[in-house]
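*Asks:* have a look at this prediction, sequence included:
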Amino acid sequence: MASDSEFNEEVQRGLIERLQRRNIVELEQVRHFHRWLDDKRLSRQSGRVVGESRTGKTLSCEAYQLKYPPSPENGAMRVPIVYWQAVPDSSNRDLFTGLLEGLQYQIYRGTLSEIRSRVLHLLQICQVELLMVDEAHRLRSNALSELQDMLDKLQVAIILVGTDRLNAVLKRDEQVDRRFIASHQYARLSAAQLAQTSAIWETYVLKLPQASHLSSVKVQRLLAPATGGYIGLLDRILREAAVRSLRAGKPRVEFTILSEVVAECR
């Protein structure tokens, strides 16, 4: 085990650079979510995923897409999973352009009718099984109608992902609401899950030379009210506390530094 005096600048720099990169950690709630997505993909059924911001929905969707990467098949590119994050006030043209990007298709010009036909054709020849639209509460009604039409024309599962606002957006059109009636709730971490996740983050994300004991009662009393059970906030706080500790020449997350970071997030 390295002592503080053995903790040199080169090691610090390498650890800080690693902490700047995103990590995907398969927590139990992520595995549960992925099993739910598997059921929808294999049965070609659609649904919605609802949860507050910073509960980890986006990372979980991206992790699922990575499980099924594009691959060449019979002279064409097979793309099992397409993921697109809607921009604010997304129109049907925004939707089609985003799907073309997800399918790695470079031609976006043409009339709306031409682009629509192009997207439907590509979804078929690329053998898309599951289409995930993140931030779906940003979709205009015409974009939602296009997705409804895709369900009628293609054998593909469509999953809408968003905040609680998504439920209100879908209820504006009874037919659309019914098409995406199956729901998965992405909840915040409980106290026990927060302690467990803190330990997992210490081992698999921070990976500092010395133990920080982030799942201890003392640390959890600090983290629980500061994070509110949001995994996004937990990740942000722990990463910044780790970076600050490293810059101070410490090989572990120092409690006093963690307290400073927490104080800034209140």
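*Replies:* Received the coordinates, thanks.
*Asks:* Trp131 in helix, strand or coil?
*Replies:* Actually, residue 131 is Leu rather than Trp. Assigned by DSSP: H, G, I helix; E, B strand; the rest coil, the conformation of Leu131 is strand.
*Asks:* distance of Ala191 from Gly75?
*Replies:* Computed as Cβ to Cβ, to the nearest Å, the Ala191 to Gly75 distance reads 54 Å. To be clear about C-beta, it is placed using only N, CA and C from the backbone, and glycine gets the same treatment.
*Asks:* before we move on, what about Thr111?
*Replies:* To Gly75, Thr111 is 29 Å away according to Cβ to Cβ.
*Asks:* and those two? Which one has more around it.
*Replies:* Regarding Thr111 and Gly75, a neighbour count based on other Cβ atoms under 10 Å identifies Thr111 as having more, with 9 against 5.
*Asks:* and Ile181, that one's in a strand?
*Replies:* No: according to three-state DSSP, Ile181 belongs to no strand; its state is coil.
*Asks:* and stretch 244-255, end to end?
*Replies:* The first and final residues of stretch 244-255 sit 11 Å from each other (Cα to Cα, to the nearest Å).
*Asks:* buried residues in it?
*Replies:* Counting neighbours by 16 or more other Cβ atoms under 10 Å, one finds that the buried residues in stretch 244-255 are Arg244, Ser245, Leu246, Lys250, Pro251, Arg252, Val253, Glu254, Phe255.
*Asks:* next SSE after the helix or strand of the chain with the lowest mean pLDDT?
*Replies:* Ranking every helix and strand in the chain by mean pLDDT, DSSP states H and E puts helix 9-19 at the bottom, with a mean of 82. The first helix or strand that comes after helix 9-19 along the chain, using DSSP states H and E, is helix 28-43.
*Asks:* which strands and helices sit next to that following helix?
*Replies:* If you count contacts as 3 or more Cβ pairs under 8 Å, 6 or more residues apart in numbering; DSSP states H and E, helix 28-43 packs onto helix 57-67, strand 130-134, strand 157-162, strand 183-186.
*Asks:* buried residues in that helix?
*Replies:* Of the residues in helix 28-43, Gln29, Val30, Phe33, His34, Trp36, Leu37, Lys40, Arg41 count as buried by neighbour count, 16+ other Cβ under 10 Å.
*Asks:* how about the CA coordinates for it, as CSV?
*Replies:* Provided in CSV are the C-alpha atoms of helix 28-43 (Å, rounded to 0.1, in the frame of the first residue of the first chain):
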residue,chain,number,x,y,z
GLU,A,28,-28.4,-4.1,-9.8
GLN,A,29,-31.0,-1.5,-10.8
VAL,A,30,-29.2,-1.2,-14.2
ARG,A,31,-29.2,-5.0,-14.7
HIS,A,32,-33.0,-5.0,-13.8
PHE,A,33,-33.6,-2.2,-16.3
HIS,A,34,-31.6,-4.1,-19.0
ARG,A,35,-33.7,-7.2,-18.4
TRP,A,36,-36.8,-5.1,-18.9
LEU,A,37,-35.4,-3.8,-22.2
ASP,A,38,-34.5,-7.3,-23.3
ASP,A,39,-38.1,-8.4,-22.8
LYS,A,40,-39.4,-5.4,-24.9
ARG,A,41,-36.8,-6.0,-27.6
LEU,A,42,-37.4,-9.7,-27.9
SER,A,43,-41.2,-9.3,-27.9
